[in-house]
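A.B. asks: sequence and predicted model, in that order:
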Amino acid sequence: MQDNKKPLREALNLRIDEGLSREIERIATAKGTNASEAARQLLAYGVEVERRLEAQKLLANLSDQLDPDTAGRVVISAEFVPFTWVEASEISDSMLAGGTPRPRHPKWDDLIP
């Protein structure tokens, strides 16, 4: 769970089918949270996938770009990879050298350039 949650000000009404609703409930139960929080996290994951697909298109050489109607599929690979001791040390050193107070643990935004 997040310690410092951002205040939520926006609302989005979604109509979802029964199967998706059950899956969100299952994930929420497994994570020990409510369905709304689980759905919010899953939606954020989907947004990240879309951002990466857009970045892939933007970074492709003009000669390598595909026509918009090219058939294909999206391949998603996800795994949790713990930091090595070297990575943790580098993050710690960087936080200490910064001189500004930072949260006890780095957030994902701290690691993404």
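C.D. replies: Now that the structure is in, tell me what you want to look at.
A.B. asks: center of the protein, which residue is that?
C.D. replies: The residue lying closest to the centre of the chain (C-alpha atoms, centre = their mean) is residue 45, at 4.3 Å.
A.B. asks: tell me the secondary structure of that one, please.
C.D. replies: What DSSP: H, G, I helix; E, B strand; the rest coil gives for residue 45 is helix.
A.B. asks: distance check, it against residue 39.
C.D. replies: According to C-beta to C-beta, to the nearest Å, residue 45 and residue 39 sit 11 Å apart. For every residue, glycine as well, the C-beta is placed using N, CA and C.
A.B. asks: could you look up the SS state of residue 15?
C.D. replies: At residue 15 the chain is in coil, as set by three-state DSSP.
A.B. asks: report how many residues lie close to it.
C.D. replies: 4 (other C-beta atoms under 10 Å).
A.B. asks: phi first, then psi, for it.
C.D. replies: When read as degrees, to the nearest 10, the backbone of residue 15 gives phi -100, psi 120.
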